[in-house]
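1. Okay, sequence plus prediction incoming.
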Amino acid sequence: MTANESSPARRVVSADFAALVDQAGHFFADCAAEAVAQRGWFRVALSGGSTPRGLHQALAGETTDVELKQRVKTIPWAKTVVYFGDERYVPPDHPDSNYRMARETLLNLVPIPPEQIHPMPTNFDVPAEAAAAYTQTLQDTFQTQPGEWPQFDLILLGMGPDGHTASLFPGTAAIHEQTSWVVSHFVPKLQAERMTLTPPVLCAARQVAFLVSGSENAAVLQRVLEGPFEPDVRTSQSIRPTSGTLTWFLDEAAAAKLSK
């Protein structure tokens with residue numbers, strides 16, 4: 001079985017990074033409008049990384065796409081609730097913090113109520129307690145029934161050079177987690193603590209979107225999308241929405257080795 005056979009997904013290939021970001025920006029706006037129209041709120045989980053940074057800036061109006069520049073002004077920020085797919089266990093003002101990046105590139109620049117922004121907490125002495133606290137935040141804000149997973153309207157993800165996503169790293173137990181919503185775990189490869197939403201939560205979303213750019217990612221992207229299904233090795237392959245839609249936003253450089 002190949003990855004492509006096990007997890008069919010839509011691919012949107014753009015000419016370059018700027019066009020990728022613009023395509024993803026329109027998609028974000030579409031998801032927001034649909035969610036608010038149908039359910040009254042738009043619940044989105046943001047990602048760290050350089051490509052999501054570009055998307056944040058476009059959503060804040062920093063784009064040469066005239067249509068998108070007007071479109072983002074209509075995003076219902078007052079009805080948007082922001083979460084995070086993963087986080088480095090560092091203070092919120094640390095340069096490596098995903099929350100800090102999102103705050104500086106997007107959240108401080110759009111009219112979203114502060115109480116609707118839910119960063120992963122990193123102020124606990126025991127990281128597992130932070131994961132439990134974020135699980136409680138999700139339970140309180142999603143108001144799920146017993147046995148249900150929280151269902152995000154959109155989860156944004158990136159892909160690392162080894163094919164990992166969120167903070168699901170090769171060889172870690174988090175890849176196989178099937179009961180917890182959020183885990184904190186030590187990643188030996190990085191010698192660092194990470195927090196992450198677990199695969200069942202990521203796969204429960206209505207929309208999951210990967211943003212991948214650059215020729216340096218072309219070889220691993222080909223293995224993720226068209227190679228053998230080995231999620232322990234390339235953890236991005238573990239993201240297979242149970243009832244939602246998976247979309248890969250790529251630029252031509254990243255997609256250069258794909259056969260389709």
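-> Structure received. Residues are numbered from 1 along each chain as shown.
2. Residue 72: how many residues sit nearby?
-> By the measure other CB atoms under 10 Å, the count of residues near residue 72 is 22. (Each C-beta comes from the backbone N, C-alpha and C, glycine too.)
3. That one belongs to a helix, doesn't it?
-> Yes. Residue 72: assigned to a helix according to DSSP: H, G, I helix; E, B strand; the rest coil.
4. which one is it nearest to, not counting chain neighbours?
-> Among residues not flanking residue 72 along the chain, residue 59 sits closest, at 5.4 Å (CB to CB, 6 or more residues apart in numbering).
5. Show the pLDDT at that neighbour.
-> We have a pLDDT of 97 for residue 59.
6. shouldn't it be in contact with residue 74?
-> No. Counting by CB atoms under 8 Å, residue 59 does not reach residue 74; the two are 11.6 Å apart.
7. what is the mean pLDDT for stretch 66-75?
-> On average, stretch 66-75 scores 96.
8. if we can go back for a sec, which one's more surrounded, residue 59 and residue 74?
-> Between residue 59 and residue 74, counting by other CB under 10 Å, residue 59 is the more crowded of the two (24 against 10).
9. Would you list the phi and psi of that one?
-> When read as degrees, to the nearest 10, the backbone of residue 59 gives phi -70, psi -20.
10. do you know how far it is from residue 112?
-> Using CB to CB, to the nearest Å, one obtains 11 Å as the distance from residue 59 to residue 112.
11. need the longest helix for this protein.
-> Assignment by DSSP state H gives helix 17-39 as the longest helix of the chain.
12. now for that one, which elements pack on it?
-> Using 3 or more CB pairs under 8 Å, 6 or more residues apart in numbering; DSSP states H and E, the elements in contact with helix 17-39 are strand 10-14, strand 42-46, helix 50-59, helix 66-71, strand 154-157, strand 207-212, strand 245-251.
13. Now the last one: buried residues?
-> Buried residues in strand 245-251, defined by neighbour count with 16 or more other CB atoms under 10 Å: 246-251.
14. any idea how far residue 38 lies from residue 82?
-> 19 Å.
15. ok, now residue 241?
-> Residue 241 sits 20 Å away from residue 82, taking CB to CB as the criterion.
16. right, and residue 58 touches residue 21 too?
-> Yes. Shown here, residue 58 and residue 21 form a contact pair, counting by CB under 8 Å, at 4.9 Å.
17. got any ranges where the stretch 151-260 of the chain has weak pLDDT?
-> The stretch 151-260 of the chain contains residues with pLDDT under 70 at 260.
18. Mind doing that once more with 90?
-> In the predicted model, the stretch 151-260 of the chain carries pLDDT under 90 at residues 171, 188-191, 260.
19. Just the helices from it, written as ranges.
-> Using DSSP state H, counting those that start in this stretch, the helices of the stretch 151-260 of the chain run over 199-203, 218-226.
20. Please give me every residue in contact with residue 164.
-> Residue 164 makes contact with 170, 234-236, according to CB atoms under 8 Å, 6 or more residues apart in numbering.
21. Quick one: those as TSV, columns for neighbour count too.
-> Shown next, in TSV, are the contacts of residue 164 (neighbours: other CB atoms under 10 Å):
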residue	neighbour count
170	17
234	24
235	26
236	26
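22. Many thanks, we can stop here.
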